[in-house]
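**Q** the sequence isn't on hand, but the structure is:
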């Protein structure tokens, strides 16, 4: 879309979607002048004068006269209306609906709405019928432009149609543009962000969260100066405003900082520009009641400590850096983190959901609604599936059984009365793949050795074909100490899925252990050729630490210790779930690490094999693939 079609004051989002903003000519603001974009004929009347003097346009004129000029959607002028704008020097084309199209009843409804929601009237009615520049219905060809509310429009000069609507009258000249009349209201659909903003009485919490991240600013470099005032300050004849919203970007940022410590909390975004008119998003839109219910249900899992130690610095041999976990940019860390998590998972790119069978085409609004989808991906690349059972369609769970979305200009809006995302994917579980990076203070292990063991092609084939199990990817870690018992500390953070430990959840603890003979000759994997001594067992002890290294006592009231032992038979790749008294043992963390960037709890694992064990095919060294923290659900 050509930039030349945007004149005078322009507001643009980060994604490049532009929306003209009307600006009055007044001495205390930026000036606008006629663009000379087409002859005004022998016109002697302004657009407002032409509009107000025509009896068949009186209803539209009545609303225009009372609709305030908006510098941005939150700041209406108290003194200027669109009457003043259309009576000025800035050049526009007005496609005015006749009284047949815009009836007395509709006029009265809009005038009443101006009292409560003036920007809505501006956006959906008045600005939907006005375009910057002069567009005469002469000649041939089609013109693509946007009306001043940012909505796309096609103007067919030869057929004399605007958005497919025939012009009733055309080419009525004005000193500051041209007036056409239409006998049908121009169609209007909110984009998703507009819909949220104008329905703040229902979706106020999400609206507040998004608008907190809006920034609207004047760009002097992109604007044109037209002299200076008596004090030497520049006066602009072409003013450009930019609006950015950090939530609409496609990356994570570190916006939330305390004392310039960028490791406080990572800023999660939608990864979707909700006002981009050329998109097809699908959004689960929680009502305030749904938002509050989800917030209350989850807030105990966002219980933050008063201070956190920078484990990233400790990991590299430094100490002493902490940050305040109670405040973040004037908002409590609990509120900030929880609101971010409630909002950031809600948006889906409807066009790019997984194809099924031989279908290779992109989805459109109709096929997206009609097609069952067993899994979906939101714009943050979370995989949305059901945990307990396979289903043919997850949309009823995501969109709360709402099968009748509101159609927006850039997607589908599904109002929801229940925020179900905690039920539809494993966002609470952690699975820590053992790598160099998951080992805490890897460079300070002393006599303990951590060896990454890769499968050869022959070994991989035997593992795959056998009943002995396989590891995640193609390697595991062999932990040993030539002087005795090895001890190693692991970071309890799932970096692959961006998941962290949360407070007041009961976690079952699992270890994916690997047979010692997986390191040996491939023949030893086959039971028939394996030497009896190739099977080595383990007795291991684990301890969990949190925050600044203090031993967790979260389970003291249950008679459980944060130190626990487990054994491994060494015969196959196996997930060992820690049990106590015949039941799964659970650990509950008193503080949350959710969304914290450089602090995390740790777990030490050491051999606890006795001398008697060592004489009976036990060993101190062990091989491990993963650590699993599986959160118990309310239904379990």
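**A** All right, it came through fine. Keep in mind that this is a model prediction, so the values were computed, not measured.
**Q** neighbours around residue 436, how many?
**A** The tally of other residues near residue 436 (other C-beta atoms under 10 Å) stands at 10. No exception for glycine: its C-beta is placed from N, CA and C like everyone else's.
**Q** can you show me the strands along the stretch 401-550 of the chain?
**A** Along the stretch 401-550 of the chain, counting by DSSP state E, counting those that start in this stretch, strands occupy 406-408, 411-416, 430-433, 448-454, 475-481, 487-491, 493-494, 499-500, 506-514, 538-546, 550-551.
**Q** sketch out the low-pLDDT regions of the stretch 251-400 of the chain for me.
**A** Applying pLDDT under 70 to the stretch 251-400 of the chain flags the ranges 251-266, 319-331, 356-360, 386-390.
**Q** the same query, at a cut-off of 80, please.
**A** Applying pLDDT under 80 to the stretch 251-400 of the chain flags the ranges 251-267, 306-310, 312-332, 355-361, 381-391.
**Q** so where do the strands sit in it?
**A** Here the stretch 251-400 of the chain has its strands, by DSSP E, counting those that start in this stretch, at 253-258, 261-267, 281-286, 307-309, 322-324, 327-328, 331-332, 347-349, 376-377, 383-384.
**Q** centre of the chain to the fourth one, how far?
**A** Right, strand 307-309. 27 Å (C-alpha atoms, centre = their mean, to the nearest Å).
**Q** so what strands line up beside that strand?
**A** As defined by DSSP bridges, the strand partners of strand 307-309 come to strand 322-324 (antiparallel).
**Q** count the neighbours of residue 271 for me.
**A** Residue 271, neighbours per other C-beta under 10 Å, totals 18.
**Q** that one against residue 347, yeah?
**A** Yes: with contact defined as C-beta atoms under 8 Å, residue 271 reaches residue 347; the gap is 7.4 Å.
**Q** returning to that earlier point: next, format the strands of the stretch 401-550 of the chain as CSV and append mean pLDDT.
**A** Formatted as CSV, the strands of the stretch 401-550 of the chain follow (pLDDT from 0 to 100):
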stretch, mean pLDDT
strand 406-408, 96
strand 411-416, 96
strand 430-433, 94
strand 448-454, 91
strand 475-481, 93
strand 487-491, 94
strand 493-494, 92
strand 499-500, 88
strand 506-514, 93
strand 538-546, 91
strand 550-551, 50
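**Q** got CSV for the ones you listed, with distance to residue 101 and mean neighbour count too?
**A** Shown next, in CSV, are the strands of the stretch 401-550 of the chain (distance: least, C-beta to C-beta, whole Å; neighbours: other C-beta atoms under 10 Å):
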stretch, distance to residue 101, mean neighbour count
strand 406-408, 22, 17
strand 411-416, 27, 22
strand 430-433, 59, 20
strand 448-454, 73, 14
strand 475-481, 70, 20
strand 487-491, 65, 20
strand 493-494, 58, 22
strand 499-500, 55, 20
strand 506-514, 63, 22
strand 538-546, 66, 21
strand 550-551, 72, 10
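**Q** quick one: closest of those strands to residue 205.
**A** strand 411-416 (12.8 Å; C-beta to C-beta).
**Q** where in the stretch 51-200 of the chain is pLDDT low?
**A** Along the stretch 51-200 of the chain, segments meeting pLDDT under 80 span 70-79.
**Q** and residue 217, what helix or strand is that in?
**A** strand 214-218 (DSSP states H and E).
**Q** that strand packs against which elements?
**A** Here strand 214-218 touches strand 240-245, going by 3 or more C-beta pairs under 8 Å, 6 or more residues apart in numbering; DSSP states H and E.
**Q** returning to that earlier point: quick check: can you name the pairing partners of the strand holding residue 217 and their directions?
**A** With DSSP bridges as the test, strand 214-218 is paired with strand 240-245 (antiparallel).
**Q** pick out the residue nearest the middle of this protein.
**A** By C-alpha atoms, centre = their mean, the mean C-alpha position of the chain lies nearest to residue 270, the distance being 1.8 Å.
**Q** now that residue: how far from residue 354?
**A** Here the criterion is C-beta to C-beta, to the nearest Å. By it, residue 270 lies 20 Å from residue 354.
**Q** and residue 248, by the same measure?
**A** From residue 248 to residue 354 the distance is 24 Å (C-beta to C-beta).
**Q** show me which of these two is the more surrounded one.
**A** The neighbour comparison of residue 248 against residue 354 (other C-beta under 10 Å) goes to residue 248, with 24 against 12.
**Q** right, and that one touches residue 279 too?
**A** No: with contact defined as C-beta under 8 Å, residue 248 does not reach residue 279; the gap is 10.5 Å.
**Q** mind listing the shared neighbours of these two?
**A** Shared contacts of residue 248 and residue 279 (C-beta atoms under 8 Å, 6 or more residues apart in numbering): 272-273.
**Q** I'd like the strands of the stretch 401-550 of the chain laid out as CSV, including distance to residue 163.
**A** Listed next are the strands of the stretch 401-550 of the chain as CSV, based on distance: least, C-beta to C-beta, whole Å:
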stretch, distance to residue 163
strand 406-408, 16
strand 411-416, 20
strand 430-433, 52
strand 448-454, 62
strand 475-481, 60
strand 487-491, 57
strand 493-494, 50
strand 499-500, 47
strand 506-514, 57
strand 538-546, 60
strand 550-551, 66
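**Q** can you say which of those strands is nearest to residue 441?
**A** Nearest to residue 441 among these is strand 487-491 (6.5 Å), distances taken as C-beta to C-beta.
**Q** what residues does the closest one touch?
**A** Under the contact criterion C-beta under 8 Å, 6+ apart, strand 487-491 has outside partners 311, 315, 432, 434, 437-441, 445, 448, 450, 479, 481, 545, 600, 602-606, 627.
**Q** weed out the non-buried ones from these.
**A** By neighbour count, with 16 or more other C-beta atoms under 10 Å, these hold 311, 315, 432, 434, 438-441, 445, 448, 450, 479, 481, 545, 600, 602-603, 605-606, 627 as buried.
**Q** among those residues, which lie within helices?
**A** Among those, the ones falling in helices (DSSP state H) are 311, 315.
**Q** run through the bridge partners of residue 145.
**A** Assigned bridge partners for residue 145, using DSSP bridges, are residue 153.
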